[in-house]
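**Student:** From the sequence below, what's the structure:
(one chain, ligands or ions: 1)
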Amino acid sequence: MSQHFLDQFLFVALPYVCLFTFLLVTVARYRMQSYSYSSLSSQFLENEHHFWAVVPFHYGILVVTAGHLIAFLIPRTILAWNSHPLRLYVLEVSALAFGLLTLVGLVGVIVRRFSNTKIRTVTTFTDWLLFAMLLLQTISGISVALFHPWGSAWFASNLSPYLWSIFKLGPDVTYVAAMPHMVKFHIVLAFLTIGFFPFTRLVHVLVIPNPFLWRKPQVVRWYRKR
Ligand code: HEM
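**Tutor:** Presented below is the predicted three-dimensional model:
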């Protein structure tokens, strides 16, 4: 298979298949099985290691995801920010720190699910596959940060235009064709994860219980000594 054909497959066909799967199945699942839109908390089954796994993982992944989104949406601002080396280093070190926090939390999540019999019983094959994908995605992201600096700069100058070209229905693989293998792997796995998203517990990301922020506090009365 020629390199050109492979690039077209991985960076044009695959992204569209994954994005359409994401859109269609996310809506279909919400309409047909809205009660399955949940992270299915396992805190009641195990609460000792729960906090130290799930919380660092979420702080890490939310900041890292927000960072990708910001670089995608306002690449010029990121490039302007990076024009002073000190600001570039602050951005890169912070991003790496949150990437490592994600990894520590995710390893905690996986070890907790594996080592506790009750939790292992309620963990499905889809969960394990998702954890493996997230783990590979986090490790490849950290490797990219360490071995292909400075990601915040070349993401803004190359990957943001590539992603926009996908969304504008005029895919342009020239932005990614010459990227290192690790970067290409990170992009392909990101699209695969987006395609897999609606089949997994990741759908909980779309149903954050925002009303908790403004609804009236709930009064709980105990009729016996706690
Ligand atoms: C949008 C904000 C988010 C909120 C409010 C949120 C909330 C939650 C909650 C409440 C749990 C259940 C924890 C438990 O009690 O067991 C959970 C689990 C989980 N979340 Fe999120 N989440 C968010 C974003 C994300 C993102 C962006 C990802 C990954 C891309 C993610 C991946 C996971 C995974 C893999 C679990 C399962 C952990 C386990 O139970 O072993 N979450 N999330």
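**Student:** Now the residue nearest to Met133 when sequence neighbours are not counted: phi and psi?
**Tutor:** With Cβ to Cβ, 6 or more residues apart in numbering as the criterion, Met133 has its nearest non-adjacent residue at 5.4 Å, and that residue is Thr193. From N, CA and C alone the C-beta is placed, and that goes for glycine too. Dihedral pair for Thr193: phi -70, psi -40, per degrees, to the nearest 10.
**Student:** so how many other residues sit close to Thr193?
**Tutor:** Using other Cβ atoms under 10 Å, Thr193 has 18 neighbouring residues.
**Student:** Would you mind writing the CA trace of stretch 175-183 as CSV?
**Tutor:** The C-alpha trace of stretch 175-183 is given here as CSV (Å, rounded to 0.1, in the frame of the first residue of the first chain):
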residue,chain,number,x,y,z
TYR,A,175,-0.5,19.1,6.9
VAL,A,176,-0.1,15.7,8.5
ALA,A,177,1.6,13.6,5.8
ALA,A,178,5.2,14.5,7.1
MET,A,179,4.4,14.2,10.8
PRO,A,180,6.4,11.7,12.9
HIS,A,181,4.8,8.2,13.4
MET,A,182,4.0,8.9,17.1
VAL,A,183,2.0,12.0,16.2
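**Student:** Do I have it right that the residue nearest to Met133 meets Ala132?
**Tutor:** No: with contacts counted by Cβ atoms under 8 Å, Thr193 stays clear of Ala132, the gap being 10.7 Å.
**Student:** one step back: contacts only, for the residue nearest to Met133.
**Tutor:** Thr193 makes contacts with 133-134, 137, as judged by Cβ atoms under 8 Å, 6 or more residues apart in numbering.
**Student:** Just put those residues in TSV and tack on neighbour count, secondary structure and distance to the ligand.
**Tutor:** Below are these laid out as TSV (neighbours: other Cβ atoms under 10 Å; DSSP: H, G, I helix; E, B strand; the rest coil; distance: Cβ to the nearest ligand atom, whole Å):
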residue	neighbour count	secondary structure	distance to the ligand
Met133	16	helix	10
Leu134	21	helix	6
Gln137	20	helix	9
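**Student:** Regarding the protein, what is its longest helix?
**Tutor:** In the chain, assigned by DSSP state H, the helix with the most residues is helix 85-115.
**Student:** is the ligand contacted by that helix?
**Tutor:** Yes: on the criterion Cβ under 6 Å from any ligand atom, helix 85-115 is in touch with the ligand at 109, 113.
**Student:** In that helix, which residues are buried?
**Tutor:** 88, 91-92, 95-96, 98-99, 101-110, 112-113 (16 or more other Cβ atoms under 10 Å).
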